[in-house]
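Colleague: Below: sequence and its predicted model.
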Amino acid sequence: MRTVRNQPRTTREDLVNDLKAAGTIVTKKTIGNTLGREGLKSCSACKFPLLKIAHIHARLKFANEHLNESEDNWVKVLWSDETKIELFGINSNPIENLWRELKVRVAKHQPRNLNDLEKICKEEWDKIPPEMCANLVANYKKHLTSVIANKGFATKY
């Protein structure tokens, strides 16, 4: 109990391994039941950041204002954003999907230093087909519709 109270992010698997190293074999289920009896509950981190009320209203306002714009208009938009690419170790903007694609491609190379990372990023960015960008723009209306349907709250996009 002390371990979990001192380190709340400790997993049941961590506890099983610690006990196994000490010579006691128990299952994750037993650990979970014991923690539950002691009033300790398990939880999972949110899959996405919580939105503030101001963000919810701004998202809903933007979606309503731009829902009826044509695809031709969205093609002219310069989607900009920044990302952090980890060397070791969502919002409704279509560029987020491109960043994810780039991160997946770069991770396959496992760059060892900043120069490798920069080189690989440039090479992999050039390999992303223009059709992917066109598809993201073509589907943007779905994003706006989803924001409206969710009343400004987070969407699957």
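Modeller: Cool, the structure landed.

Colleague: Spell out the residue ranges of the helices in this structure.
Modeller: 2-6, 12-21, 28-37, 53-66, 71-75, 95-107, 114-127, 130-138, 140-149 (DSSP state H).

Colleague: where does the chain dip in pLDDT?
Modeller: Where the chain drops to pLDDT under 70, the residues are 45-48, 78, 80-94, 157.

Colleague: try it again with 50
Modeller: Residue ranges of the chain with pLDDT under 50: 85-91.

Colleague: okay, now the domains of it?
Modeller: Split into domains by automatic domain parsing, the chain comes to 2-37, 53-149.

Colleague: Looking at those domains, which is nearest to Thr155?
Modeller: domain 53-149 (4.2 Å; Cβ to Cβ). Heads up, the C-betas are built off the backbone N, CA and C, glycines and all.

Colleague: measure the closest one end to end?
Modeller: 16 Å (Cα to Cα, to the nearest Å).

Colleague: Any idea how far that domain is from the middle of the chain?
Modeller: Relative to the chain's own centre, domain 53-149 is displaced by 12 Å; criterion: Cα atoms, centre = their mean, to the nearest Å.

Colleague: likewise stretch 51-63?
Modeller: Centroid separation between stretch 51-63 and its chain, computed with Cα atoms, centre = their mean, is 19 Å.

Colleague: List of residues touching it?
Modeller: Ser92, Leu144, Thr145, Val147, Ile148, Lys151, Gly152, Phe153, Ala154 (Cβ atoms under 8 Å, 6 or more residues apart in numbering).

Colleague: tell me which residues of that stretch are tucked away?
Modeller: Ile56, Arg59, Leu60, Ala63 (16 or more other Cβ atoms under 10 Å).

Colleague: thinking again about what came up before, generate JSON lines for the domains of the chain, with distance to Ser44 as supplementary columns.
Modeller: Shown next, in JSON lines, are these (distance: least, Cβ to Cβ, whole Å):
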{"stretch": "domain 2-37", "distance to Ser44": "11"}
{"stretch": "domain 53-149", "distance to Ser44": "17"}
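
Colleague: roughly how far apart are the residue of the chain most remote from its centre and Lys142?
Modeller: Ranked by distance from the centre of the chain (Cα atoms, centre = their mean), the top residue is Gly23, with 38.4 Å. Distance from Gly23 to Lys142, counting by Cβ to Cβ, to the nearest Å: 56 Å.

Colleague: Before I go, just wanted to say thanks for your time.
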